[in-house]
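J.: how does the following fold in three dimensions:
(one chain, ligands or ions: 1)
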Amino acid sequence: MKRIALITSGGDAPGMNACVRSITKYCLNKGIVPVGYFDGYQGMMENRFQELGFTDVDNIIHRGGTVLGTARCEEFRTVDGRKRAIINLKENKIEALICIGGDGTFLGANILSKEMNIPVIGIPGTIDNDISGTDHTIGYDTALNTVIDAVDKIRDTAGSHHRVFFVEVMGRNAGFIALNSAIASGAESVLIPEEHTDILAVANDLKEQNKGRRSSIVIVAEGDDGGGAREIMNKVSPHMKEYTLRYSILGHIQRGGSPSAFDRMLATRMGAFSVEQLLEGKSNCMIGARGDDLVILPIDAAVKIQAVPDLSKLKMLHNLRTMG
Ligand code: F6P
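T.: This is a model prediction of the structure:
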């Protein structure tokens, strides 16, 4: 194998650069030319790429975002869009492809692989952690730490003012960030898409837990069926007239920042492993992390199965409430 293309695609995630670095260096050490396409599938369709050398990936392991750029590319969902990309990849003598991104990225990779008959490996990179087949996605640990840092700060002001705060976190349709940041930040309540939200029950529970306390924190997943933090606060408000309520939407700060040690290691290991797997003849696969091990799985499984957080953690949180 002489030339491997790589992209970062979908929402950027801290650790993507560490992964690009690892793939590039591993390829170069094996005598393979790594070809980075800019802005994900968009750059592939527009033939924007660079052959990567060692110096291109110097000093990026600690940087958030992605040096290759990324995009959410609607046109790549069309047959015509993919045809343009395939022509470019063939002209560029690309023999295999590594795609770092979330489930949308994997879906594109899977179709492209079949249409072009080229080996493809997906590396899970998204802050949402919503890819089945892996315990962790690149960027999730850093995002969790960012959320916890923000919630710690909100708790300071919430306590000073005797307020109940609804803090909205990302995660699209999945509650991984919400549930696990709620545990790690000691939140009084958490609302996730995987569980129906009953507004009256939320209000009653908060009132019960707030007895004798200065503040409460409710983590709200952006995909919750009761709405975002602002909407939930407004719905709860008539039932909590004697409390001062505020909301905060953490937004895109969750996607930025220097990757944690965990994400750097995960990304570096997954990057090197993906090249190794291609050289062993694997195709249409994704890399997963199970415990301390890296595994290789059919990409189809990740695309078709919805990842769900461990809901027994909700039960645990219920038993950790402070009752008045
Ligand atoms: O998938 C990552 C993510 O940050 C989600 O948590 C969020 O819903 C979405 O991307 C936001 O996407 P955009 O930056 O395109 O608005």
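J.: strands along the stretch 201-324 of the chain, start to end?
T.: Ranges of strands in the stretch 201-324 of the chain, per DSSP state E, counting those that start in this stretch, are 216-221, 244-249, 285-290, 293-298.
J.: buried set for the last one?
T.: Translated: strand 293-298. 294, 296-297 (16 or more other Cβ atoms under 10 Å). C-betas here are computed from N, CA, C, even on glycine.
J.: report the distance from that strand to the chain centre.
T.: Between the centre of strand 293-298 and the centre of its host chain there is 18 Å, according to Cα atoms, centre = their mean, to the nearest Å.
J.: quickly run through the sheet partners of it, with directions.
T.: strand 285-290 (antiparallel) (DSSP bridges).
J.: in the partner strand, what counts as buried?
T.: Using 16+ other Cβ under 10 Å as the test for burial, strand 285-290 gives 285-289.
J.: flag every residue of the stretch 51-200 of the chain that's near the ligand.
T.: 72, 102, 126-128, 170-172 (Cβ under 6 Å from any ligand atom).
J.: for ChimeraX, write the selection for the buried entries among those.
T.: Selection of the buried residues among these in ChimeraX, burial being defined by 16+ other Cβ under 10 Å:
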select :102,126,127,128,170,171,172
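J.: so which of the residues of the stretch 51-200 of the chain next to the ligand is the closest to A221?
T.: If you rank those by distance to A221 using Cβ to Cβ, G171 comes first, at 5.1 Å.
J.: how about the helices in the protein?
T.: Secondary structure of the chain (DSSP state H): helices at 16-29, 40-45, 79-91, 103-116, 140-161, 176-185, 199-210, 229-236, 261-279, 299-304, 312-318.
J.: residue of the stretch 1-150 of the chain closest to the ligand, please.
T.: G11 (3.2 Å; Cβ to the nearest ligand atom).
J.: next up, the contacts around Y243.
T.: Listed by Cβ atoms under 8 Å, 6 or more residues apart in numbering, the contact partners of Y243 are 163-164, 206-207, 210.
J.: what's the burial count for L245?
T.: Using other Cβ atoms under 10 Å, L245 has 18 other residues around it.
J.: hmm, V167 and it touching each other?
T.: No: judged on Cβ atoms under 8 Å, L245 makes no contact with V167 at a distance of 11.9 Å.
J.: ok, back up a step: and the helices of the chain, which one averages the lowest pLDDT?
T.: Ranked by mean pLDDT, those end with helix 299-304 at the bottom, a mean of 86.
J.: give the buried residues for it.
T.: Buried, per 16+ other Cβ under 10 Å, within helix 299-304: 299, 302-303.
J.: let me have these in a markdown table, extended by distance to N59.
T.: Formatted as a markdown table, the buried residues of helix 299-304 follow (distance: Cβ to Cβ, whole Å):
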| residue | distance to N59 |
| --- | --- |
| I299 | 32 |
| A302 | 32 |
| V303 | 34 |
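J.: tell me the one of those residues nearest P119?
T.: Out of the buried residues of helix 299-304, the member with the shortest distance to P119 (by Cβ to Cβ) is I299, at 11.0 Å.
J.: and the closest one, how close does it get to the ligand?
T.: 18 Å (Cβ to the nearest ligand atom, to the nearest Å).
J.: go on, A184?
T.: 18 Å.
J.: in contact with that residue, which residues?
T.: Listed by Cβ under 8 Å, 6+ apart, the contact set of A184 reads 144, 148.
J.: not counting sequence-adjacent ones, nearest residue to the closest residue to the ligand within the stretch 151-300 of the chain?
T.: Nearest residue of the stretch 151-300 of the chain to the ligand: M170, at 3.2 Å (Cβ to the nearest ligand atom). Nearest residue to M170, sequence neighbours excluded (Cβ to Cβ, 6 or more residues apart in numbering): Q254, at 5.0 Å.
J.: for G43, same thing?
T.: Closest to G43 by Cβ to Cβ, 6+ apart is Y37, at 4.2 Å.
J.: again, but for G281
T.: Distances taken as Cβ to Cβ, 6+ apart put P119 closest to G281, at 7.8 Å, once the chain neighbours are dropped.
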